[in-house]
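**Q** From the sequence below, what's the structure:
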Amino acid sequence: MLTFLSIAAAFAAGGAATPGVTPVAVPTPIQIATTSPIFRPLTFSQQHPFLTSSVELLFLVLTVAVILLMSIQTTKNEGLSGSIGGRAEAAYRGRLGLDQQLKRATDFAAGSWIVLAICLLFLTR
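**A** A predicted model of the protein is given here:
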């Protein structure tokens with residue numbers, strides 16, 4: 001205990017070494033890499049983030065558009081009456097009504113949504 005106090009007092013006085021004590025070198029640990037670094041090439045989406053973000057934004061807009069178009073459309077339950085009686089306008093195709101235009105817009109939006117989903121699959125691989 002006395003040697004500890006004398007060493008502490010010498011340290012406090014300015015770090016004078018005590019006579020008869022030789023300093024011992026403390027080994028420093030060697031840093032060993034446990035895993036080797038793996039260098040992977042950048043993917044297409046990492047090289048072109050603006051293109052990927054644009055396709056994702058368009059995909060979200062089309063998703064909302066398909067949901068809205070499908071909720072606007074009316075359901076048609078003609079059942080057996082349309083097939084037995086026939087329809088007078090089946091032979092003549094004039095201008096498309098609102099229902100046909102909504103159906104075409106929904107078909108186009110749904111087809112575009114599927115194409116963009118496939119594009120996003122390949123972009124983010």
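**Q** pLDDT below threshold where in this structure?
**A** 1-20, 33, 36, 76-94 (pLDDT under 70).
**Q** That one: helices as residue ranges?
**A** Under the criterion DSSP state H, the chain contains helices at 2-13, 44-47, 49-72, 80-85, 98-123.
**Q** Could I get those in JSON lines, plus columns for mean neighbour count and distance to V21?
**A** Glycine gets a C-beta too; all of them are placed from N, C-alpha and C. Output for the helices of the chain, formatted as JSON lines (neighbours: other C-beta atoms under 10 Å; distance: least, C-beta to C-beta, whole Å):
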{"stretch": "helix 2-13", "mean neighbour count": "10", "distance to V21": "8"}
{"stretch": "helix 44-47", "mean neighbour count": "12", "distance to V21": "59"}
{"stretch": "helix 49-72", "mean neighbour count": "13", "distance to V21": "63"}
{"stretch": "helix 80-85", "mean neighbour count": "9", "distance to V21": "108"}
{"stretch": "helix 98-123", "mean neighbour count": "13", "distance to V21": "69"}
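**Q** Let's have these in a markdown table, adding distance to P27.
**A** Putting those into a markdown table (distance: least, C-beta to C-beta, whole Å) gives the following:
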| stretch | distance to P27 |
| --- | --- |
| helix 2-13 | 22 |
| helix 44-47 | 43 |
| helix 49-72 | 47 |
| helix 80-85 | 92 |
| helix 98-123 | 52 |
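**Q** nearest to I32, of these?
**A** helix 44-47 (30.7 Å; C-beta to C-beta).
**Q** Which other helices and strands does that closest one contact?
**A** Contact partners of helix 44-47 among helices and strands, from 3 or more C-beta pairs under 8 Å, 6 or more residues apart in numbering; DSSP states H and E: none.
**Q** who's in contact with S54?
**A** Going by C-beta atoms under 8 Å, 6 or more residues apart in numbering, S54 touches no other residue.
**Q** From H48, how far off is it?
**A** 10 Å (C-beta to C-beta, to the nearest Å).
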